[in-house]
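Undergrad: got a structure for you, letters missing:
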């Protein structure tokens, strides 16, 4: 197994960047509880610590499956991927819609991981908020999905699009775009391809072929 140290470092930078805010907020809430006597402020501090701890837990669970080996296990299915995706988006300005009532069956290991990391990646293309509409077709090895991001503004940089090929040489890697590269690697391992196309300023189609 070939391990690219730079990719590991950039992925760790991404994880730390996302986790430092909620963990810092937990610490701030606990510090306020140590000396504060006002009942209302105590209640606010407890609520802050609780919300932030939940957010940190959600991020860890989502990244454990989206970026870690847990997402490759056969036990990690469509339903769990959707739950983690919705938890990840909770409290933000991006929603997930179009989820089928019936989960596709006999999905290959790693397929649901690709779906989860795709949702995380596409949510970042909607800085002003919007909707991610999911469409799933087929079963088993033939299962495919499309995520359509729609909002008032789509931010989809050229380097992110190029790195979806899973080729680290397609563009310079950094902590901002490493998730796109990892998404491409997951698709490549599943022998799938990613097609991403933007339509105007407010729509982006992300297809797994």
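TA: That came through, no problem. Note that the coordinates shown come from a computational prediction; the quantities given were computed from them, not determined experimentally. Numbers count the residues shown, from 1 in each chain.
Undergrad: secondary structure element for residue 81?
TA: Counting by DSSP states H and E, the element that carries residue 81 is helix 78-89.
Undergrad: identify all contacting residues around that helix.
TA: For helix 78-89, contacts defined as Cβ atoms under 8 Å, 6 or more residues apart in numbering pick out 58-59, 61-62, 65-66, 71, 95-96, 99, 103-104, 107, 111-113, 115-116, 119-120, 123, 132. All C-beta atoms are positioned from the backbone trio N, CA, C, and that covers glycine.
Undergrad: looking at these, which are in strands?
TA: 95, 96, 132 (DSSP state E).
Undergrad: which of those tops the neighbour count?
TA: residue 132 (24 neighbours; other Cβ atoms under 10 Å).
Undergrad: thought that one was touching residue 94?
TA: Yes - the criterion here is Cβ atoms under 8 Å, and residue 132 meets it with residue 94 at 6.3 Å.
Undergrad: so what sits against both of these two?
TA: Common neighbours of residue 132 and residue 94, counting by Cβ under 8 Å, 6+ apart, are 123, 126.
Undergrad: and the longest helix for the chain?
TA: helix 5-35 (DSSP state H).
Undergrad: for that one, packing partners?
TA: Applying 3 or more Cβ pairs under 8 Å, 6 or more residues apart in numbering; DSSP states H and E, one finds that helix 5-35 contacts helix 39-66, helix 178-189.
Undergrad: list the buried residues in the shortest one.
TA: For helix 178-189, the neighbour count (16 or more other Cβ atoms under 10 Å) marks 178, 179, 180, 181, 182, 183, 184, 185, 186, 187 as buried.
Undergrad: and those as TSV, adding distance to residue 29 and pLDDT?
TA: Shown next, in TSV, are the buried residues of helix 178-189 (distance: Cβ to Cβ, whole Å; pLDDT from 0 to 100):
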residue	distance to residue 29	pLDDT
178	31	95
179	29	96
180	34	96
181	35	95
182	32	95
183	34	96
184	38	96
185	37	95
186	36	96
187	40	97
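Undergrad: just those residues now: which is nearest residue 156?
TA: residue 180 (9.7 Å; Cβ to Cβ).
Undergrad: gap between that closest one and residue 52?
TA: 28 Å (Cβ to Cβ, to the nearest Å).
Undergrad: returning to that earlier point: buried deepest among the helices and strands packed on helix 5-35, which one?
TA: helix 178-189 (a mean of 21; mean count of other Cβ atoms under 10 Å).
Undergrad: name the next helix or strand following it along the chain.
TA: Assignment by DSSP H and E places the next element after helix 178-189 at strand 194-199.
Undergrad: right, I'll leave it there.
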